[in-house]
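Engineer: below is the sequence, then the predicted model.
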Amino acid sequence: MSPFTPDPALDLVLERTIPIPPARVWAAWTEPALLLQWFTPAPWKTVAADLDVRPGGRFVTTMESPEGERHPNAGCYLEVEPNRLLVFTSIMREGFRPVAPTNGAGDLAFTGRIELEAASDGGTHYRAIAVHPSTEVRDQHAAMGFAEGWGAALDQLVALMS
């Protein structure tokens, strides 16, 4: 896994130890049928997922609000280390093509890092990091409910994979 030290002025971090083995957490993140079941915090839901899990591959999801409003999110995988590391960004599309983000979340520009490490109890030390280009974008993501939303989604992943 490539070493990464979050910058508290620019990045948001969610870190927990969960009772799910890394291979099962990896599956939840990389298999579309599983991702659809947990990825968006309820009462929102993910209604489409098109994943090409490889560096340069696409990460496309569509989230739906309780009112039925749909928000497509497209991005690109940057790093893929099975059962250990998944890095994706909203500022590139498939093939590392740079774009302005259009993700229904104020067109939030960020890179996500999902780091998985086996815990001694058979679970996973899980660290999700949202890396931002500026303090303003970081603050926007925090105000949108990063901790609550990403935490609720992780709780849904744990419930699904238990």
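Structural biologist: Done, it's in.
Engineer: buried residues, the longest strand seen in the chain. List them.
Structural biologist: Longest strand in the chain, counting residues (DSSP state E): strand 70-81. By neighbour count with 16 or more other CB atoms under 10 Å, strand 70-81 contains the buried residues 71, 73-78, 80. Yep, even glycine has a C-beta here, placed from its N, CA and C like the rest.
Engineer: now those as CSV including pLDDT and distance to Gly122?
Structural biologist: Putting the buried residues of strand 70-81 into CSV (pLDDT from 0 to 100; distance: CB to CB, whole Å) gives the following:
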residue, pLDDT, distance to Gly122
His71, 88, 36
Asn73, 87, 32
Ala74, 89, 35
Gly75, 91, 31
Cys76, 95, 33
Tyr77, 97, 27
Leu78, 97, 29
Val80, 98, 24
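Engineer: including distance to Phe59, could these go into JSON lines?
Structural biologist: As requested, the buried residues of strand 70-81 are arranged in JSON lines below (distance: CB to CB, whole Å):
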{"residue": "His71", "distance to Phe59": "14"}
{"residue": "Asn73", "distance to Phe59": "8"}
{"residue": "Ala74", "distance to Phe59": "7"}
{"residue": "Gly75", "distance to Phe59": "4"}
{"residue": "Cys76", "distance to Phe59": "7"}
{"residue": "Tyr77", "distance to Phe59": "6"}
{"residue": "Leu78", "distance to Phe59": "10"}
{"residue": "Val80", "distance to Phe59": "10"}
